[in-house]
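here is a sequence together with a model predicted from it:
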Amino acid sequence: MKSDLKPSGTISLTHEGGTVEFPVYKPTHGPDVFDIRSLYKDTGAFTFDPGFTSTASCESKITFIDGDEGILLYRGYPIDQLAENSDFLETAYVLLNGELPDPEKRKWFENSITMHTMVHEQLKHFYNGFRRDAHPMAIMVGVVGALSAFYHDSTDITDPKQRLIASHRMIAKMPTIAAMAYKYSIGQSFVFPRNDLDYTSNFMRMCFAVSSEDYECNPVLCDALDKIFILHMDHEQNASTSTVRLAGSSGANPFACIAAGIASLWGPAHGGANEAALNMLEEIGTVDRIPEFIARAKDKDDPFRLMGFGHRVYKNYDPRAKVMRDACHEVLDALGIRDEPLLQVAMELERIALEDEYFVSKKLYPNIDFYSGITLRALGFPTDMFTVLFALARTVGWIAQWSEMIVDPNQKIGRPRQIYTGAPQRDYVSMEKRPA
Ligand code: CMC
């Protein structure tokens with residue numbers, strides 16, 4: 001990656017009588033960035049920023065979020081335009097390569113992904129090692145990590161060709177691995193990929209066909225899932241993407257890095273929130289119970305939070321949530337579900353929260369996870385598969401970010417420092433001299 005960091009000015013910092021200057025960069029979009037890489041060398045001091053709320057960890061040309069305006073761009077293209085007009089593989093191409101493909105490149109990419117959908121026969125045995133009631137995300141972490149043991153010809157990260165093959169393998173095999181995790185958890189035999197189907201229809205079929213009966217995807221449902229995948233594909237330097245970059249910064253192979261990303265995504269504050277949001281809507285159950293839960297969310301002494309509400313970056317309506325809400329209505333209409341009680345609860349909860357002083361003043365809006373649970377459940381997925389679907393889509397973003405990092409001239413092994421507030425240096429005390 002060519003670095004485009006050009007200082008537009010400097011900022012000076014005075015500390016213990018000395019003054020030092022640091023370059024200031026102006027990005028294409030977004031706030032100015034102070035380059036403090038020489039801070040420790042120049043002043044002997046660190047910065048303190050738990051959760052990286054004010055820290056740009058890398059230069060990137062992939063995704064941009066304006067949290068105040070509610071904007072999300074992949075390579076400059078607004079997310080709603082991609083969701084409306086593009087499809088999974090084309091958007092994946094854009095994220096990985098930076099531009100919309102011409103017909104020839106599109107065909108090449110589609111062919112390459114389609115030809116890598118099968119998994120090694122031996123990989124199937126991994127599934128048998130898991131309990132049937134294992135969470136499919138546990139299976140995903142294990143099986144994706146194991147890919148590095150199967151594809152030795154694509155783990156040399158210094159070889160661009162190997163990196164490309166590893167990337168295409170992961171994007172292609174993720175639906176197969178995810179569908180196998182689902183089939184294993186419900187005690188059904190695996191359904192193998194069919195290369196005449198598009199990416200999302202193939203995934204739906206691998207999940208819902210059985211040996212005695214094939215599955216034909218309703219185009220409205222497949223389109224909705226394809227849109228959902230596009231919405232989840234990348235989201236700048238979130239926890240799982242930063243995990244992938246951090247793991248990759250040590251030179252680890254790409255399969256291991258993506259497995260680390262899956263592990264990070266699993267948490268309820270990140271990818272696990274869609275499952276938690278649906279559970280919450282179920283717990284609320286009926287519209288008349290909403291005030292009780294709003295009161296709990298506002299109570300400082302109650303750990304309960306409105307799941308699917310609030311975001312570290314968006315302080316406006318999450319642009320993905322708008323598309324997701326529409327997709328939710330499309331799916332329910334296509335399935336003839338007119339009075340889904342959870343949808344009634346969700347819409348009323350959203351209406352009340354958007355008018356409530358607590359949520360308004362803290363700029364807490366619905367995020368992508370608020371409507372995704374209802375939609376995914378209507379599509380036929382059980383709640384513990386929700387985060388797996390997120391992982392499937394986010395794999396593209398993780399790979400795009402990992403690939404960018406590998407060729408970044410400024411890339412270094414990630415190694416944050418700390419502010420130590422533990423015991424001062426002291427001498428070891430032998431057992432007989434310790435107070436009883
Ligand atoms: N319900 C009630 N209060 C909330 C909520 C919520 N969902 N989210 C934040 N707050 C309050 C929080 O208590 C705090 O109040 P105060 O300033 O009085 O202490 C204030 O809003 C700021 O919250 P924060 O936890 O400091 O903000 P954060 O940026 O660290 O957290 C978040 C962001 C997403 C973890 C948080 O909003 C949350 O826990 N939301 C629910 C879980 C969820 O929906 N997560 C999915 C995120 S979108 C998917 C993705 O991109 O990965």
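Good, I have the coordinates.

if I look at whichever residue of the stretch 51-200 of the chain sits closest to the ligand, what pLDDT would I see?
For the stretch 51-200 of the chain and the ligand, the shortest gap (C-beta to the nearest ligand atom) falls at Gly51, measuring 6.6 Å. (C-beta placed from N, C-alpha, C; glycine too.) The model reports Gly51 with a pLDDT of 93.

quick one: residues contacting it.
Arg312 (C-beta atoms under 8 Å, 6 or more residues apart in numbering).

and for Leu332?
Here Leu332 is in contact with 338, 340, 343, 374, 378 (C-beta under 8 Å, 6+ apart).

from Ile419, how far off is the residue nearest to the first one when sequence neighbours are not counted?
Nearest-residue entry for Arg338: Leu332, 7.7 Å, with adjacent residues in sequence omitted and distances by C-beta to C-beta, 6 or more residues apart in numbering. According to C-beta to C-beta, to the nearest Å, Leu332 and Ile419 sit 50 Å apart.

cool, Asp234 as well?
Look at Asp234 and Ile419: by C-beta to C-beta, they are 32 Å apart.

so for the two, which sits in the more crowded spot?
Remark: of Asp234 and Ile419, Asp234 carries more neighbours, 27 against 8, as counted by other C-beta atoms under 10 Å.

list the contacts for the more buried one?
Residues 62-63, 74, 95, 241, 394, 396-397, 400-401 are the ones in contact with Asp234 under the rule C-beta under 8 Å, 6+ apart.

out of those residues, which sit inside helices?
Using DSSP state H, 95, 241, 394, 396-397, 400-401 are the members of the contacts of Asp234 that sit in helices.

contact partners for Ala277?
So Ala277 contacts 307-308, 369-370, 372-373 (C-beta under 8 Å, 6+ apart).

ok, the residues you listed vs Ser3, which is closest?
Asp369 (34.5 Å; C-beta to C-beta).

burial of the nearest residue to Lys124 once chain neighbours are set aside, as a residue count?
With sequence-adjacent residues excluded and distances taken as C-beta to C-beta, 6+ apart, Lys124 is closest to Phe190, at 6.9 Å. Phe190: 15 surrounding residues under other C-beta under 10 Å.

am I right that Phe190 is in contact with Ala181?
No. At 10.0 Å, Phe190 does not count as touching Ala181 under the criterion of C-beta atoms under 8 Å.

would you mind listing the residues in contact with whichever residue of the chain sits closest to the ligand?
Nearest residue of the chain to the ligand: Gly310, at 2.4 Å (C-beta to the nearest ligand atom). By C-beta under 8 Å, 6+ apart, the contact set of Gly310 is 362, 364-365, 367.

got it, and Asp32?
Taking C-beta under 8 Å, 6+ apart, we find Asp32 in contact with 8, 24-26.

weed out the non-buried ones from these.
Buried members of the contacts of Asp32, counted by 16 or more other C-beta atoms under 10 Å: Tyr25.

widest-spaced pair of the contacts of Asp32?
The widest separation within the contacts of Asp32 (C-beta to C-beta) is 7.4 Å, between Val24 and Lys26.

now do the shared contacts for those two.
Counting by C-beta under 8 Å, 6+ apart, the contacts common to Val24 and Lys26 are 8, 32.

give me every residue in the stretch 301-436 of the chain lying close to the ligand.
Contacts of the stretch 301-436 of the chain with the ligand, taken as C-beta under 6 Å from any ligand atom, map to 305-312, 362, 364, 367-369.

actually the stretch 101-250 of the chain, not the one I typed
Residues of the stretch 101-250 of the chain lying near the ligand (C-beta under 6 Å from any ligand atom): 235, 238.

in the stretch 101-250 of the chain, which spans are strands?
Counting by DSSP state E, counting those that start in this stretch, the stretch 101-250 of the chain forms no strands at all.

for it, just list every one of the helices.
Applying DSSP state H, counting those that start in this stretch to the stretch 101-250 of the chain gives helices spanning 103-114, 124-128, 136-146, 160-185, 199-208, 219-232, 239-248.

make CSV from these and add mean neighbour count to it.
Listed next are the helices of the stretch 101-250 of the chain as CSV, based on neighbours: other C-beta atoms under 10 Å:
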stretch, mean neighbour count
helix 103-114, 14
helix 124-128, 13
helix 136-146, 22
helix 160-185, 22
helix 199-208, 23
helix 219-232, 23
helix 239-248, 23
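
tell me who's in contact with the closest residue to Thr383 other than its chain neighbours.
Excluding its sequence neighbours, the residue lying closest to Thr383 (C-beta to C-beta, 6+ apart) is Glu275, at 4.7 Å. With contact set as C-beta under 8 Å, 6+ apart, Glu275 has these partners: 268, 373, 383-384, 386-387.

SS state for Asp68?
What DSSP: H, G, I helix; E, B strand; the rest coil gives for Asp68 is coil.

model confidence for it, exactly?
At Asp68, pLDDT is 92.

so it makes contact with Asn316?
Yes. Using C-beta under 8 Å, Asp68 is in contact with Asn316, at 5.9 Å.

of these two, give the one with the bigger neighbour count.
Asn316 (15 against 11).

quick one on the thing from earlier: greatest separation within the contacts of Leu332: which pair is it?
The largest distance within the contacts of Leu332, taken as C-beta to C-beta, falls between Arg338 and Ile374 and amounts to 13.7 Å.

which one of the two is surrounded by more residues?
Legend: neighbour count by other C-beta under 10 Å for Arg338 and Ile374, higher for Ile374 (26 against 8).

cheers, nothing more for now.
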